[in-house]
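In: Predicted model and sequence below, questions to follow.
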Amino acid sequence: MEISLTVNGTEHTTDVPDNSLLVEIIRERLNLTGTHVGCDTSQCGACTIHMDGRSVKSCTVLAGQADGADITTIEGIGTVDALHPMQEAFRENHALQCGFCTPGMIMSAIDLVENGKPLDERSVREGLEGNLCRCTGYHNIVKAVLDAQDKM
Amino acid sequence: MTSETGIGAAVKRKEDARFITGAGHYTDDINQPGQLYAVFVRSMYPRAEIRSIDVSSALAMEGVVAAYTGADLAADEIGDLPCGWMVKSKDGSDMIQPPHPPVAVSVVNYVGEPYAMVVAETLQAARDGAEAVTADFNELPVVVDLASAHGADQIHEAAPGNQCYDWELGDREATDAAFASADHVTSLDIVNNRLIPNAMEPRAAVGMYEAATGNYTLYTTSQNPHLERLILAAFVNVAAESKLRVVSPDVGGGFGSKIFVYAEETAVIWAAGKLARAIKWRADRSESFLADAHGRDHLTKAELALKADGTFVGLRVKTVANMGAYLSLFASSVPTYLYGTLLAGQYRTPAIYVEVQSVFTNTAPVDAYRGAGRPEATYVVERLVETAARELGKDPADIRRLNFIQPEDFPYETPVALTYDTGDYDASLKKAIELIGYDGFAERKASSEANGKKRGIGFSCYIEACGLAPSQVALSLGAGVGLFESAEVRVDVTGSVSVMTGCHSHGQGHETTFAQIVSDKLGIPFENVDVVHGDTGRSDYGLGTYGSRSLVVGGSAIVKATDKVIAKSRKIAAHMLESTEENVDFEEGTFSVTDSNQSITFPEVAFSAYVPGNYPLDELEPGLSEKAFYDPENFTYPAGAHICEVEVDPETGKVEIVNFVAVDDFGEIINPMIVAGQVHGGLAQGIGQALLEHAIYDESGQLVTGSYMDYTMPRADDMPNFVVDTTVTPCTHNPLGAKGCGEAGAIGSTAAVMNALTDALGVVDVPMPATPETVWRAMEGE
Ligand code: FES
Ligand code: FES
């Protein structure tokens, strides 16, 4: 099946197997390997991206469902020289260690700040409940998100 | 020099730029032209004889390039996966090491054990091919229950009674005598629940082979690429060490589980050679659950003998440890040399005796998981101490203080083979007590009660032995490898520096910490120092990262190499300044002649080393690159006090951690921001063990907790904010004065949580994990 989607501002038209997942298109077709795969039951959040402005786990979306969608991945939100405030806050607050959960965590966190109510510690924790991190104990991630909220 | 980027500064991490922008390179991000994909066929049976395996239909499928069984590897003389630590039983006999072929040949012994591998042009074709592999199994009786494994049906021909070893440490007679004379004995039956490490990045491998040169390259998720290479070369017979390059690129967490050499990368690199094509494999999470080495899993009877005033007089511990179906790489050392040796804790207990029987079961292999043996030891000691305090009506802090090894007692030789170099245990406890507001606890408890909640407080004063260890001691105790670390400090012509280390960072931030050390010592900008790790093609043989060793052993090697660079530079500078070495000072990157205004900078010296116009060529070789190997004199002994306060809802059994304080003594600290992060992560894992995580096999040997739906990982809303702080007694025997911080959080916290919970409920024990249901049952007295 042929699908068209915009990823990080660039339009792509590609022929994909019917059963392929959005995360596979992102990683394997488009070579955007910042989006990670950490589980096979849609429960870790490592694959989180933005689809039409909202965060989704890209391992739960069939490529076909993304036809016509506007996708943003971690590679599309900022660069080393011009970081997104959430990226900056993660760095400033040591909210990452191995970095594997980080892209998904950042994408979820941006959605949380942009599309929700003002956040406090509790609501950040609840809002990030779908993203697993094994390294940080979440302490600094929570700090980073609250910090970014002030700057976004 | 204490600058903004020097030793002691909370420098932001160099590695973050790539991770926050999605530009990290993890093994699964690496692709090779024309690469094939491997999928493993895994046993559904916990124990069965393999009568036959038929790969013909798989081979007939489109896209399938090859299908291999254990027999194919055996025919190529691919060896067993070895265990690297020989533990001896009480009677002096060697532990039993049953055959462990990477891919099962005649028998499978746990659910998830691979018995075939299919290689295909696409991942989908490999998956389809794997489904088409058929096998005829003869199911055999299964041994799952740890308590009854000894004496159950025999799993391995070589292991009567399913026993791997029956080990002891300490003085049995002296301990028995201490118990005979004691006023009080506290006894506990302790279960240390089985865990699954669950680094967020699943294990993966990309194997390559170049027929024209015979060179192999293996990218894999290893915490110790040199050790991986050594084992694949020397034991598994894949290729000579010089023909095999192992690269651990960015690795998404390890926690011990990526120390070991596993079946999958072994089969992948071997098959890459057979087919002369690149082959990629990545575990699905369900495979990680089944086939990563698990952690913990002890059953223990522990007794503490005391005088009426609370003084400890003896400790007796008897543990059964689960090895799983086969001995993983360091499995044997975890419940022995990393466990029994830690049972003195922070106390002057004069007589200790520990027996550990390790047994095989039809479950995944069990090996080191963050803390490895030391969390289990701490759990035993600290649960006992708290329980004893309650039984004797003592304050839990007071009973600890009464028994602490005192600052003037160091060096302190324990009855279980270690010599602690330094520490001040009361300093950490005191600080933790202040931070948690112990004085106000009774008031907080009363107000919880007024709200219908139960509140409890629990202490845990842990010790760990890190930075394993003097090589000669480890080798004499059965280790199969030395435990030094290597470093190379390579100064470029323009004065920038590359630091090669044999350690590997998979979240620990070595690229930052090690650069701080070198830039500080050389007086050059932090930005000018790059740390290279994880590639056997680029750094000297080293042992990798585990056991909180990287800074204390690897960092010490870096200091040694840096000192050699400075020594050589000083000679060059003396020549250039027409002075003598003795008269040349080196400070903040500048060499200057004492009592004169003549000076030159480190980059100028480096330049002259490579462009030796003005250079003592008659005395010195050109160039400025130095290597060092550092072998530790002793373990390091980080220690600390963790205090946890919980609130329990008696209606639901839900436990909330309302306060958690960790005060740790890691010796000197290079980067306090990174250290705090390490503690946070460890605490979450220790709390996870206490309240959430449990790997469960049912009676028939199936893993019940095989996904994130059944295995409860700590999530953001399960965790509290932590209060972490430090005290400092510098390590006495390494050049950094550092002790290591990677595991402390996971070692100390579990007992603190369970001590708090049992305090809240007024019960002796609650099994871990203390889920709402378990807690509710404990309250009901079940
Ligand atoms: S990969 Fe785990 S939720 Fe998508
Ligand atoms: S930083 Fe390693 S999993 Fe989150």
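Out: Arrived safely. Ligands and ions are numbered 1, 2, ... in the order given.
In: where do the strands sit along chain A?
Out: A:2-7, A:10-15, A:48-51, A:54-57, A:70-72 (DSSP state E).
In: Please work out which of those strands is packed deepest.
Out: Mean neighbour counts were taken over the strands of chain A using mean count of other CB atoms under 10 Å in any protein chain shown, and the top value, a mean of 25, falls to strand A:48-51. The way it works is simple: take the backbone N, C-alpha and C, and place the C-beta from them, glycine included.
In: Show me the strands paired with that one, marking each as parallel or antiparallel.
Out: Strand pairing for strand A:48-51, using DSSP bridges, gives strand A:54-57 (antiparallel), strand A:70-72 (antiparallel).
In: Tell me which of these lies nearest to ligand 1.
Out: Smallest distance to ligand 1 across those (CB to the nearest ligand atom): 4.3 Å, for strand A:54-57.
In: The closest one close to ligand 1?
Out: Yes - Strand A:54-57 is in contact with ligand 1 by CB under 6 Å from any ligand atom, via A:Lys57.
In: if we can go back for a sec, so which of the strands paired with strand A:48-51 is nearest ligand 2?
Out: Using CB to the nearest ligand atom, the nearest of the strands paired with strand A:48-51 to ligand 2 is strand A:54-57, at 15.7 Å.
In: residues making contact with the closest one?
Out: Contact with strand A:54-57 is made by A:42, A:45, A:47-50, A:104, A:107-108, A:110-112, A:115, A:130, as judged by CB atoms under 8 Å, 6 or more residues apart in numbering or on different chains.
In: gap between that strand and the chain center?
Out: Chain-centre distance of strand A:54-57: 7 Å, with CA atoms, centre = their mean, to the nearest Å.
In: how far out from the middle of the chain is stretch B:235-242?
Out: So, by CA atoms, centre = their mean, the centroid of stretch B:235-242 is 25 Å from its chain's centroid.
In: In chain B, what residue lies closest to ligand 2?
Out: Closest point on chain B to ligand 2, by CB to the nearest ligand atom, is B:Met200, at 3.8 Å.
In: among the strands of chain A, which is nearest B:Lys430?
Out: strand A:48-51 (43.7 Å; CB to CB).
In: one step back: go through the strands paired with strand A:48-51 and name the closest to B:Ala271.
Out: Between the strands paired with strand A:48-51, strand A:54-57 lies closest to B:Ala271; by CB to CB that is 32.6 Å.
In: where's the residue in chain B that chain A sits nearest to relative to ligand 1, distance?
Out: Nearest residue of chain B to chain A (CB to the nearest CB) works out as B:Gly22 at 1.8 Å. If you measure B:Gly22 against ligand 1 using CB to the nearest ligand atom, to the nearest Å, the figure is 15 Å.
In: Dihedrals phi and psi, that residue?
Out: Note on B:Gly22: backbone dihedrals following degrees, to the nearest 10 are phi 80, psi 20.
In: For the nearest residue to it once chain neighbours are set aside, which residues are in contact?
Out: Residue nearest to B:Gly22 in three dimensions, not counting chain neighbours: A:Gly34, with 1.8 Å by CB to CB, 6 or more residues apart in numbering or on different chains. A:Gly34 makes contacts with A:Thr73, A:Ile74, A:Glu75, A:Pro103, B:Thr21, B:Gly22, B:Ala23, B:Gly24, as judged by CB under 8 Å, 6+ apart.
In: Likewise for B:Lys301?
Out: Residues counted as contacts of B:Lys301 (CB under 8 Å, 6+ apart) are B:Ser187, B:Leu188, B:Asp189, B:Ile190, B:Val317, B:Lys318, B:Thr319.
In: By mean pLDDT, which helix or strand of chain B comes out lowest?
Out: helix B:471-476 (a mean of 90; mean pLDDT, DSSP states H and E).
In: that older thread, point out the least confident member of the contacts of strand A:54-57, please.
Out: Lowest-confidence member of those: A:Asn115, scoring 91 (pLDDT).
In: Contacts only, for residue 96.
Out: Since you didn't name a chain, this refers to chain A. A:Phe90, A:Thr102, A:Met105, A:Cys135, A:Thr136, A:Ile141, B:Asp16, B:Phe19, B:Ile20.
In: Actually, chain B is the one I wanted.
Out: B:Ile96 is in contact with B:His156, B:Ala158, B:Ala159, B:Gln163, B:Cys164, B:Tyr165, counting by CB under 8 Å, 6+ apart.
In: Could I get the full set of helices for chain A?
Out: Here chain A has its helices, by DSSP state H, at A:22-24, A:85-92, A:102-115, A:121-127, A:139-151.
In: As a markdown table, the ones you listed with distance to B:Asn224 and mean neighbour count would be great.
Out: Listed next are these as a markdown table, based on distance: least, CB to CB, whole Å; neighbours: other CB atoms under 10 Å in any protein chain shown:
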| stretch | distance to B:Asn224 | mean neighbour count |
| --- | --- | --- |
| helix A:22-24 | 30 | 24 |
| helix A:85-92 | 28 | 24 |
| helix A:102-115 | 24 | 25 |
| helix A:121-127 | 35 | 17 |
| helix A:139-151 | 27 | 22 |
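In: Would you check how far apart A:Lys57 and A:Gly116 are?
Out: As for A:Lys57, its distance to A:Gly116 is 17 Å (criterion: CB to CB, to the nearest Å).
In: ignore the last one, B:Gln124
Out: Counting by CB to CB, the gap between B:Gln124 and A:Gly116 amounts to 38 Å.
In: now do A:His36
Out: Distance, A:His36 to A:Gly116, by CB to CB: 24 Å.
In: I'd assumed B:Asp426 was in contact with B:Arg401.
Out: Yes - counting by CB atoms under 8 Å, B:Arg401 does reach B:Asp426; the two are 5.9 Å apart.
In: quick one: which of these two has more around it?
Out: Neighbour count, other CB atoms under 10 Å in any protein chain shown: between B:Arg401 and B:Asp426, B:Asp426 has more, with 20 against 16.
In: on that earlier part again, and which of the contacts of B:Lys301 is nearest B:Thr594?
Out: B:Val317 (59.5 Å).
In: Compute the number of surrounding residues for residue 63.
Out: In the absence of a named chain, chain A is used. Neighbours around A:Ala63, by other CB under 10 Å: 23.
In: The chain in question should be chain B.
Out: Counted with other CB under 10 Å, B:Gly63 comes out at 16.
In: One more: A:Asn31?
Out: A:Asn31 has 10 neighbouring residues, counting by other CB under 10 Å.
In: Same question for B:Gly452.
Out: Number of residues near B:Gly452 (other CB under 10 Å) recorded here: 9.
In: Tell me if I'm right that it and B:Pro650 touch.
Out: Yes - taking CB under 8 Å as the definition, B:Gly452 is a contact partner of B:Pro650 at 7.0 Å.
In: What residue spans form the domains of chain A?
Out: Using automatic domain parsing, the domains assigned to chain A come out as A:2-76, A:85-149.
In: follow-up on the earlier one: would you turn the strands of chain A into CSV with distance to ligand 2?
Out: Shown next, in CSV, are these (distance: least, CB to the nearest ligand atom, whole Å):
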stretch, distance to ligand 2
strand A:2-7, 24
strand A:10-15, 28
strand A:48-51, 13
strand A:54-57, 16
strand A:70-72, 21
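In: re the thing from before, can you check the pLDDT for the residue of chain B closest to chain A?
Out: The score at B:Gly22 is 98. That number is its pLDDT.
In: got the contact list for it?
Out: A:Leu32, A:Thr33, A:Gly34, A:Thr35, A:Thr73, A:Ile74, A:Glu75, A:Pro103.
In: Give the burial count for the closest residue to the last one other than its chain neighbours, as a bare number.
Out: Taking CB to CB, 6+ apart, and ignoring the residues beside it in sequence, A:Pro103 has A:Ile74 as its nearest neighbour in space, at 3.7 Å. Close neighbours of A:Ile74, defined as other CB under 10 Å, add up to 30.
In: I figured A:Ile74 hits B:Gly24, correct?
Out: No - under the criterion of CB under 8 Å, A:Ile74 makes no contact with B:Gly24, lying 9.9 Å away.
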